[in-house]
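Engineer: I would like to see how this sequence folds:
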Amino acid sequence: MSARPTRRGLVLGTGALAAAAAFPHRLRAEGAEPTGARHGLSSFGELKYGPDFPNFDYVNPMAPRGGRFSSQLVQTFGNQGFDSFDTLNPYVFRGNGAGGLNFTFDSLMVRALDEPDAAYGLIARTVETSPDGLTQRFRLRPQAYFHDGSKLTARDVAFSLKILRDKGHPAISQEILDLEDAVAEADDVVLVRYKPGYARDLPQTVAGLPIFSETWWKGRDFEASTLEAPLGSGPYRVGRMDVGRFIELERVPDYWAAELPVNVGRNNFDALRYEYFRDRRAAFEAFKSGAFTYREEFTSSIWANGYDFPAAREGRVKRVTLPNNAPASIQGWWFNTRREVFKDPRVREAIGLCFDFAWTNRNQMFDTYVRTDSFFERSDLKATGKPGPDELALLEPLRDAHPEHLPSEVFGEAWVMPSSDGSGQDRALLSRANALLKEAGCTRDGSVFKLPSGAPIAFEFLDNDPIWEARTQPFIRNLARLGLQARQRIVDASQYQLRVRDFDFDIVIRNASQGATPGPELRTTFGSSAAAMAGTNNLAGIHSPVVDALVEKAVTATSRASLETACRALDRVLRAGRYWIPMWYAPSYRIATWDVFGHPATPPAYGLGTPDLWWYDAEKARRIGRD
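Structural biologist: Predicted coordinates:
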């Protein structure tokens, strides 16, 4: 089983979910572009697609339009939760945001799913960057407008960027702190200024933010929860909903950007619907009955044994395994090092040694998962072996400046969690854990291990889904054998959300993605400044000048080679810190659907592309009686 993943850091208008919008040939009559203006951005200057490309290589340009896509929410951003919603603004701290709202907003530019870091113009037809890189002029498409027919102008762009910086969810605002200003120079020109030393990917981050209507928000509190749908300009608008149970997004029939090359083969469904369930088992039963039609399977036991029901036997429900070549998400039990019990990394390592992955994978997950080793798993950013000369050039000065934060282990083989024997209670690993606790100054009092302070080593696993009991309880029994007092607490979705936001937990599960070209989100996940800021992704409370220095090297890298070097060095330091107990990742996408869809044969390299690359197949739907 895998946890449902969250998106990296902030996100974004509808364009952020897929590839680029071009500067199409037929629009050149809008006026000559200034020298140096480009139709796209890339972290390192390279663009796959030229200004006249007809569509992305990974879409079906002849995909039909129509039908409905219905699913559970499988990725979150901002204030979203998986189990319920109570607001239609997911971009702020307050409330639990509804799914699909990102499809209602467009952004200046959008990411391509077959390039690691390229973005192309959507609302913006071109961007011009100053020689020093501190300013950019985005020139907007004159045909861009909001759903109420009002024109989308540079004032709306400037308003949106600044209000997200000043009042947005911490996962957003902290990533764009180096956005100095945004000014409307004309109706179709917005000037964006960045602070010196800004993160390399900040321009792409800014270009992917949702654009709001300044007029609509006038007199409204941006930070408040709301069930009034904010005015957008994207391919969908909010339709029917039952708060906390489902929300539907309806395709906008006169969507202004429908014919741009970026949208060829995309946004094919007439409606998107997201269903909410408090319990995974109830959700699966609802899928079996046809209450929704698309399911990404994260539970291995269900995938192996759960699809023996009439609709599956009759072929009306299909299962498909699609290749997943994107960087693996980082799933694990994260320690809250703000807690006294977890201050010593030797204690954290000892706790992790009590989890028998091999036993869990074989007995509970049908040997379908791979153990995670790295914070940059399945990518060129992962540290392997000993550090090379390029990594040492970054690490050696930090060892001299902060020896207490850089253990000698970092300069050897990259640390990995040792393999267990699969017995469920590996005596060698438990013996090693016992020795680590004693090295940390802990002492045994009868059957209980105590910290040097005399307090028992006691902690809680916080979850919001009973399905984690099967994975956690054997782990807890091993901890008890060692003399550690652990318990599991399962709370409702809203309480869980609040406790995680406020770092009110001991250990919590998190599944997140770093992406192919990590940037400012590294600061909010691992940076010291985010450790004390509620709502950020620094769940572990990492507070290290060495980590901060390497994060800055990564986010300001000027070449992919230097990015890889910085991330590999960062990976070594994070792994040496024992901030988590790494779990596992699936080597492929496991998809179950009612047989009403078509989709590209192979997903793009950097994402699955649902629902925006899939389409409704009316003939299939007729064959199974769901037309």
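Engineer: which ones are touching the residue lying closest to E248 once chain neighbours are set aside?
Structural biologist: Spatial nearest neighbour of E248, excluding adjacent residues (CB to CB, 6 or more residues apart in numbering): G239 at 4.2 Å. For glycine as for every other residue, the C-beta is placed from the backbone atoms N, C-alpha and C. Listed by CB atoms under 8 Å, 6 or more residues apart in numbering, the contact set of G239 reads E248, L249, E250, A271.
Engineer: What helix or strand is G239 located in?
Structural biologist: strand 236-242 (DSSP states H and E).
Engineer: For P210, list each beta-bridge partner.
Structural biologist: P210 has these beta-bridge partners by DSSP bridges: S107.
Engineer: Run through the residues that contact it.
Structural biologist: For P210, the contact set (CB under 8 Å, 6+ apart) comprises L12, G13, Y91, N102, F105, D106, S107, S160, L164, G232.
Engineer: how far away is the third one from E521?
Structural biologist: Between Y91 and E521 the distance, using CB to CB, to the nearest Å, works out to 16 Å.
Engineer: hmm, back to that, let's see if you can find the most crowded of the contacts of G239.
Structural biologist: Compared across the contacts of G239, L249 has the highest neighbour count, 30 neighbours, by other CB atoms under 10 Å.
Engineer: which one's the longest helix in this structure?
Structural biologist: Identified as the longest helix of the chain according to DSSP state H is helix 560-577.
Engineer: Give the buried residues for it.
Structural biologist: 560, 562-577 (16 or more other CB atoms under 10 Å).
Engineer: Kindly report the same for stretch 221-232.
Structural biologist: Buried-residue list, stretch 221-232, by 16+ other CB under 10 Å: F222, E223, S225, T226, A229, P230, L231, G232.
Engineer: circling back to that earlier point, from the contacts of P210, pick the one nearest G50.
Structural biologist: S107 (21.0 Å; CB to CB).
Engineer: The closest one against Q204, yeah?
Structural biologist: No: at 10.4 Å, S107 and Q204 do not qualify as touching, with contact defined as CB atoms under 8 Å.
Engineer: Looking at those two, which has the bigger crowd around it?
Structural biologist: S107 (29 against 24).
Engineer: how about low-confidence regions in the chain?
Structural biologist: Residue ranges of the chain with pLDDT under 70: 1-35.
Engineer: residue with max distance from the center of it?
Structural biologist: What lies farthest from the middle of the chain is G446; by CA atoms, centre = their mean that is 44.4 Å.
Engineer: residues in contact with that one?
Structural biologist: Per CB under 8 Å, 6+ apart, neighbours of G446: none.
Engineer: Now L539. Nearest residue, chain neighbours left out?
Structural biologist: Nearest non-adjacent residue to L539, counting by CB to CB, 6+ apart: W334, 4.7 Å away.
Engineer: pretty sure that neighbour is in a helix, no?
Structural biologist: No: membership of W334 in a helix is not supported by DSSP: H, G, I helix; E, B strand; the rest coil, which gives strand.
Engineer: Now for it, how many residues are close by?
Structural biologist: W334: 24 surrounding residues under other CB under 10 Å.
Engineer: Assess the claim that it and G577 are in contact.
Structural biologist: No: counting by CB under 8 Å, G577 is not a contact partner of W334; they are 11.6 Å apart.
Engineer: hang on, the earlier thing: among the contacts of G239, which are in helices?
Structural biologist: Counting by DSSP H, these contribute nothing to helices.
Engineer: I'd like to know which of those residues is nearest to P403.
Structural biologist: L249 (53.9 Å).
Engineer: Helices of the stretch 401-550 of the chain, residue ranges please.
Structural biologist: 427-439, 469-482, 493-501, 521-526, 528-531, 545-555 (DSSP state H, counting those that start in this stretch).
Engineer: Out of these, which gets nearest to V410?
Structural biologist: Of all the helices of the stretch 401-550 of the chain, helix 545-555 sits nearest to V410, with 8.7 Å by CB to CB.
Engineer: Confirm for me that H39 is in contact with L122.
Structural biologist: No: the pair H39 / L122 is not scored as a contact, 10.7 Å apart, by CB under 8 Å.
Engineer: Looking at those two, which has the bigger crowd around it?
Structural biologist: Taking other CB under 10 Å, H39 and L122 do not tie; L122 has more neighbours (30 against 23).
Engineer: how close does that one sit to G234?
Structural biologist: Taken as CB to CB, the span from L122 to G234 is 10 Å.
Engineer: again with R266
Structural biologist: 11 Å.
Engineer: Please report how far the closest residue in space to R339 that isn't next to it in sequence lies from I490.
Structural biologist: Excluding its sequence neighbours, the residue lying closest to R339 (CB to CB, 6+ apart) is D506, at 5.8 Å. From D506 over to I490 the distance is 14 Å, taken as CB to CB.
Engineer: what's the answer for F411, then?
Structural biologist: 42 Å.
Engineer: ok, now D132?
Structural biologist: As judged by CB to CB, D132 and I490 stand 53 Å apart.
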